[in-house]
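Novice: structural data only, the sequence is not supplied:
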């Protein structure tokens, strides 16, 4: 018996699966949907529409950017409150009982078996598909450049975040630093360097596992949610980013 109901969407959505761009775009927190078997985890509809459940606006930017670049895009179909697809399974933030100031009643007691079931249903299929794409490109000798798309709330624990966007990277700063320079050259933008988050083995999955371990060009990009909360903002950021991403590759011919 499947953990997901037969009427529910699969764990992830693919767009531009045959895209010709070297870029492979991921959106780990694209949806606020919860699997039927989890109900609403004790949360209100209003709570599930906030940043605790998904990266607001990130999916819209990702779709528009994939279209502009003709780039492979994979997005999760379920909320990070079920299981976070950008945290190692079993880590403290993989299945959270509290997000910022919001208690998650349905996650207060999650057995090891239940956590494993969530990972098998949602986390592993998503990352296995990313692995399959990267493996296929390696076999064909086709370039692969990983861009992990996220968004961040303008205020967190009462502190305002001044950045419009931020580049995240760990041990390999090649792509992150080039994009940082290009975005900082854009008028009026405050771009964070590993701000408001920094990538690490404990707080990220895609960057260390799919990027660093393979030695491919990669970076995470965070955009502030109030800038991309509607279609107009999403389109504006995709239009800004698409040419800069192409320029970045021209500066990094080793991809």
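Specialist: That came through, no problem. Just so it is clear, the model here is predicted, and its values are computed rather than measured.
Novice: I'd like the distance between residue 240 and residue 249.
Specialist: The gap separating residue 240 from residue 249 is 16 Å, by C-beta to C-beta, to the nearest Å. (C-beta placed from N, C-alpha, C; glycine too.)
Novice: what about the helices in the stretch 51-200 of the chain?
Specialist: Using DSSP state H, counting those that start in this stretch, the helices assigned to the stretch 51-200 of the chain run over residues 58-69, 112-118, 124-140, 174-184.
Novice: among the ones you listed, which comes closest to residue 207?
Specialist: When the helices of the stretch 51-200 of the chain are ranked by proximity to residue 207, the top entry is helix 174-184, at 9.4 Å, counting by C-beta to C-beta.
Novice: what's near enough to touch residue 99?
Specialist: Residues in contact with residue 99 (C-beta atoms under 8 Å, 6 or more residues apart in numbering) are 52, 81.
Novice: what separation do you get for it and residue 253?
Specialist: Applying C-beta to C-beta to residue 99 and residue 253 gives a distance of 41 Å.
Novice: what of residue 31?
Specialist: Relative to residue 253, residue 31 is positioned 36 Å away (criterion: C-beta to C-beta).
Novice: and these two? Which one has more around it.
Specialist: Residue environment comparison for residue 31 versus residue 253 gives the larger neighbour count to residue 31, 21 against 6, counting by other C-beta atoms under 10 Å.
Novice: rewinding a little: so which of the helices of the stretch 51-200 of the chain is the most packed in?
Specialist: helix 58-69 (a mean of 23; mean count of other C-beta atoms under 10 Å).
Novice: for it, which outside residues touch it?
Specialist: Applying C-beta under 8 Å, 6+ apart, the contact partners of helix 58-69 are 15-16, 19, 21, 23, 25, 27, 29-31, 71-73, 75, 149-151, 223, 228, 231, 234-235, 237-239, 241-242, 245-246.
Novice: now, which of these lie within strands?
Specialist: Secondary structure assignment by DSSP state E places 15, 23, 25, 27, 72, 73, 75, 149, 150, 151, 223 of the contacts of helix 58-69 in strands.
Novice: who wins for neighbours among those residues?
Specialist: Neighbour-wise, these (other C-beta under 10 Å) top out at residue 27, 30 neighbours.
Novice: distance of it relative to residue 150?
Specialist: Residue 27 sits 8 Å away from residue 150 when distances are taken as C-beta to C-beta.
Novice: between the two, what contacts are shared?
Specialist: With C-beta under 8 Å, 6+ apart as the test, residue 27 and residue 150 both reach 55, 58.
Novice: quick one, phi/psi of residue 90?
Specialist: As for residue 90, its main-chain torsions (degrees, to the nearest 10) stand at phi 90, psi -10.
Novice: having no further points to raise, I will conclude here.
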